[in-house]
Structures are given as structure tokens and as C-alpha cells.
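S.K.: Coordinates for the following, if possible.
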Amino acid sequence: MSYISVIGAGSWGTTLACLLSDKGFDVTLWVYEKELAEEINKTRINKTYLPDVLIPDDIKVTNNIGDSIKKARYVLNAIPAQYVRTVFKEAIPYIPDEATLISISKGIERGTLLTVSSVLKELTDHTIAVLSGPSFAKEVIKKLPTAVTLAAEDKNTGLMLQEIFNLNNFRVYTHDDIIGAEIGGALKNVMAIASGISDSLGLGNNARASLITRGLIEMTRLGVAMGAKERTFSGLSGIGDLVLTCTSPLSRNYTVGVKLGHGLKPRDILNQTKSVAEGVATAESAYNLSKKYNIEMPIVEQVYRVLYEDKDPAFAVKDLMERSLKSEFYG
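M.R.: Have a look, this model is predicted:
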């Protein structure tokens, strides 16, 4: 039996903790909020992030970071991207030397413009892998069919983790492109905000399909410039995750876009929910990365201007449609 520590009790972290526990692993779930940890221990329900699910009694729930990981063979990072550095600075001294870190966070750190795996690599020399792909927690916990990508630089590590995470209704594929998987997972959230804006403005199915397709081009451009493999973006962590989040109200980022299209301000939207919409922070980081690598990313730019410069979403659409004419494929 392997000890697995899940750091972060949002909907996705809680879901994977439950699935791994059901598979027979010894799982500990670290909860940032002390009051929530106490409540889960009493009720076995995470009412803030996953209220309809009974958390197995076998899962140890704690607010003590040291206790949560001191025996861990695998440490699952489920912390929102902007808080990974702070939490893991505290956690790393307690992580056993042989432990492997698996990140399921999707975002790019503000300021440093680093992916989550790159942040972790700055802090530790532990082996790191990334789990990404189209996977709404609310569907995974119901054991609806889902397929994801497990990216690891070392083939043997990837195969081992594939066996750990694979379940009857949760199919895991291996890949070796960590950066590509992360860029896809991060940028799709920005595109989901754009898609929500488009739908809320009543722009139709043609507009959404065009946005998804051109959004994939932008994701791929940035990923390749950062060292990712182009083919990664045609897979589950690229087009798969992009289509899912751009077409469903279950996506927090899509919902943010819908509210922006209806005239709400970003601060008011974010104050309405405890769940983190990673695309808001990632839009700023992605915009800055486009400038750093001198890459044309018009959708990212317009989402950034709506979020951070109070641009009217309708004007953002107008500016996208009236850009100078180009060839679809170039470079």
C-alpha cells in the first residue's frame, strides 16, 4: 500500500483523493482552511467545494502540512497555481526524499511567468509529473468516462503513475511533454473566458467554433516557443481540455466569461465564489508571455484588456474581427 498525500481540498483535489482511496491507497487530504478541515472530519462532506459527495472514512483529513506528507510516497499538488510557491515552501522540508510530486494545477504564476512544474523545480529536486486533460471533477466523481494525460519526463515514472491513477472509468494516457501539457491546461482557461463572453453576447455557434480553433493556434504558438511539442496540443491536454472548458457552464472560467459579457466587473465576479477561476490570473501571465516571446495572441490580448483594462467585451469582439487580413497558416 502506497501513501498518497493530496495537497489542496478543492473539488479536483477532493475528487482524486476519493478515487485513490477507493482504489485502496492510503490517502491523506490537506485542507488549507482549518475550519473546513474540522468540518470535513465531523461530517465527511466538503460542503464548500464538493457538497454532494461523502468522503470515505479511510481518508485522513488534516490542516497540518507536516502531518499530511511525512509518510507520502506520492504528493499530489492540487493548490491553485498562484499559491503553489507559498504552500510548497512550507511543505517541502517534510516531503520524504523518495517521494514523487504530481501536479494537477492549471495556471501560470504571475510575475515569474512560470508553469507550476517550473515553480516546483525551483523549490525542490523531487521527480515531478503533471496530470492534465478534460476532466470536470463533478463528472469524474460520478465515475463518468474520462480520459486524461499523465506527462512525465522519465518513461518508467510515467508508466508507474499511469497504473496508480488509471481506473475503470478514468483512463490515463502517458506522454513526455510536461510543459506542453501545462500550457494547454493553463491557456484553455483564458479561451474559456473568451468563449463565455461570446456566448453571453449571443454571437452564435460559428463564433464559438472559430474562437476554439484560433485559440488552439495561440496555445500552440506559445507552447512551442516555450519548448513544448506541437503534437501535444492536438491531444487531451490541448484540444481536449480546450473544447470541454469552452462549451460547458460547468467550467468556472466559462462562467466568468458569461458574467463579463453581461456587464459584471471582474472583482465582483470573483467575490461571488470561493472556487478559483485560474484563467483570470493566467490571462495576465499569458499576455506578458506573448510580449516576452514576441508572439501574436490576439484572443489572449483581448481577454486581458477586458479583465485588466475594463474594455467593453463587445468592443473586444469588434477589434478581433477587424484585424488586418492574414493567411490562416504561416510561419
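S.K.: what residue ranges in the chain score low on pLDDT?
M.R.: 1, 331 (pLDDT under 70).
S.K.: again, only this time at 80
M.R.: Along the chain, the parts satisfying pLDDT under 80 run over 1-2, 273-276, 330-331.
S.K.: Give me the most central residue, it.
M.R.: Note on the chain: the residue nearest the mean C-alpha position is residue 106, at 2.4 Å, using CA atoms, centre = their mean.
S.K.: what about the spatially closest residue to that residue that is not a sequence neighbour, which helix or strand?
M.R.: Leaving aside its chain neighbours, residue 106 sits nearest to residue 185 (3.8 Å; criterion: CB to CB, 6 or more residues apart in numbering). Where C-beta positions appear, they are placed from N, C-alpha and C, glycine not excepted. Element membership for residue 185, per DSSP states H and E: helix 178-200.
S.K.: How far off centre is that helix?
M.R.: With CA atoms, centre = their mean, to the nearest Å as the basis, helix 178-200 stands 9 Å off its chain's centre.
S.K.: Can I get that helix in PDB? Just the C-alpha atoms.
M.R.: The C-alpha trace of helix 178-200 is given here as PDB (Å, rounded to 0.1, in the frame of the first residue of the first chain):
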ATOM      1  CA  ILE A 178       5.300  18.400 -19.300                       C
ATOM      2  CA  ILE A 179       5.500  22.000 -20.500                       C
ATOM      3  CA  GLY A 180       3.100  21.300 -23.300                       C
ATOM      4  CA  ALA A 181       0.500  19.700 -21.000                       C
ATOM      5  CA  GLU A 182       0.800  22.600 -18.700                       C
ATOM      6  CA  ILE A 183       0.500  25.300 -21.300                       C
ATOM      7  CA  GLY A 184      -2.600  23.600 -22.700                       C
ATOM      8  CA  GLY A 185      -4.100  23.300 -19.300                       C
ATOM      9  CA  ALA A 186      -3.400  26.900 -18.400                       C
ATOM     10  CA  LEU A 187      -4.300  28.700 -21.700                       C
ATOM     11  CA  LYS A 188      -7.600  26.800 -22.200                       C
ATOM     12  CA  ASN A 189      -8.900  28.700 -19.200                       C
ATOM     13  CA  VAL A 190      -8.300  32.000 -20.900                       C
ATOM     14  CA  MET A 191     -10.000  30.800 -24.000                       C
ATOM     15  CA  ALA A 192     -12.900  29.600 -21.900                       C
ATOM     16  CA  ILE A 193     -13.400  33.100 -20.600                       C
ATOM     17  CA  ALA A 194     -13.500  34.300 -24.200                       C
ATOM     18  CA  SER A 195     -16.000  31.600 -25.100                       C
ATOM     19  CA  GLY A 196     -18.300  32.600 -22.200                       C
ATOM     20  CA  ILE A 197     -18.200  36.200 -23.300                       C
ATOM     21  CA  SER A 198     -19.000  35.100 -26.900                       C
ATOM     22  CA  ASP A 199     -22.000  33.000 -25.800                       C
ATOM     23  CA  SER A 200     -23.300  35.700 -23.400                       C
END
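S.K.: what about the helices in the stretch 1-150 of the chain?
M.R.: 11-22, 34-43, 65-69, 84-91, 116-123, 137-140 (DSSP state H, counting those that start in this stretch).
S.K.: Distance to residue 325 and mean neighbour count for the ones you listed - can I get that in CSV?
M.R.: Shown next, in CSV, are those (distance: least, CB to CB, whole Å; neighbours: other CB atoms under 10 Å):
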stretch, distance to residue 325, mean neighbour count
helix 11-22, 41, 23
helix 34-43, 53, 15
helix 65-69, 54, 19
helix 84-91, 41, 17
helix 116-123, 37, 19
helix 137-140, 41, 18
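S.K.: closest one to residue 158 among those helices?
M.R.: Ranking these by proximity to residue 158 (CB to CB) places helix 116-123 first, at 13.7 Å.
S.K.: Next, the angle helix 178-200 makes with the host helix or strand of residue 209.
M.R.: Residue 209 is part of helix 204-225 when elements are defined by DSSP H and E. Helix 204-225 runs at 160 degrees relative to helix 178-200, counting by axes from the mean of the first three to the mean of the last three CA atoms, to 10 degrees.
S.K.: buried stuff in helix 204-225?
M.R.: Within helix 204-225, the residues scored as buried using 16 or more other CB atoms under 10 Å are 207-208, 211-212, 214-224.
S.K.: Show me what that helix is in contact with.
M.R.: 179-180, 183-184, 187-188, 190-191, 194-195, 198-199, 230, 232-233, 238-239, 242-243, 246-247, 286, 289-290, 293, 295-300 (CB atoms under 8 Å, 6 or more residues apart in numbering).
S.K.: Counting by contacts, list what the helix or strand following it packs against.
M.R.: With elements assigned by DSSP H and E, the helix or strand that comes after helix 204-225 is helix 241-247. The contact analysis (3 or more CB pairs under 8 Å, 6 or more residues apart in numbering; DSSP states H and E) places helix 241-247 against helix 178-200, helix 204-225, helix 252-261.
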